[in-house]
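S.K.: below: sequence and its predicted model.
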Amino acid sequence: MSKKILFLKICYTKWLLNSLLKFLSPRNRLVIYVSQYLDKSIVIYQSLLYKKYKIKRSSNKISLRKLIAA
């Protein structure tokens, strides 16, 4: 799943959860389900961001090592 699609799903789910919380109790099963889905989506999104950061950071280290060695 791409980062952009996942971000849009998170925004939509967040909006849905906020709307449900206006009318339903936080102990309602639907609210709990949507909240758990939002948590899972956020974890996946953050892991994608971390992987991208890790790749970028490792490529920067390699280029710095080449500069130091030269």
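M.R.: That came through, no problem. Numbering: from 1, shown residues only.
S.K.: and Gln46, how far from Ile32?
M.R.: 21 Å (C-beta to C-beta, to the nearest Å). Quick note: C-beta positions are derived from backbone N, CA and C, even for glycine.
S.K.: packing partners of the longest helix anywhere in the chain?
M.R.: Taking DSSP state H as the criterion, the chain has its longest helix at helix 29-69. Applying 3 or more C-beta pairs under 8 Å, 6 or more residues apart in numbering; DSSP states H and E, we find helix 29-69 packed against helix 3-23.
S.K.: buried stuff in the helix it packs on?
M.R.: By neighbour count on 16 or more other C-beta atoms under 10 Å, the buried set for helix 3-23 is 9-10, 13, 17, 20.
S.K.: again, but for stretch 44-56
M.R.: Neighbour counts over stretch 44-56 (16+ other C-beta under 10 Å) mark Tyr45 as buried.
S.K.: same check on stretch 36-43?
M.R.: Under the neighbour-count criterion of 16+ other C-beta under 10 Å, stretch 36-43 has 38, 41 buried.
S.K.: which residues sit against it?
M.R.: For stretch 36-43, the surrounding residues in contact (C-beta atoms under 8 Å, 6 or more residues apart in numbering) are 6, 9-10, 13-14, 17.
S.K.: gap between the residue positioned nearest the centre of the chain and Asn60?
M.R.: In the chain, the centroid-proximal residue (C-alpha atoms, centre = their mean) is Tyr45; its distance is 2.2 Å. Distance from Tyr45 to Asn60, counting by C-beta to C-beta: 23 Å.
S.K.: having no further points to raise, I will conclude here.
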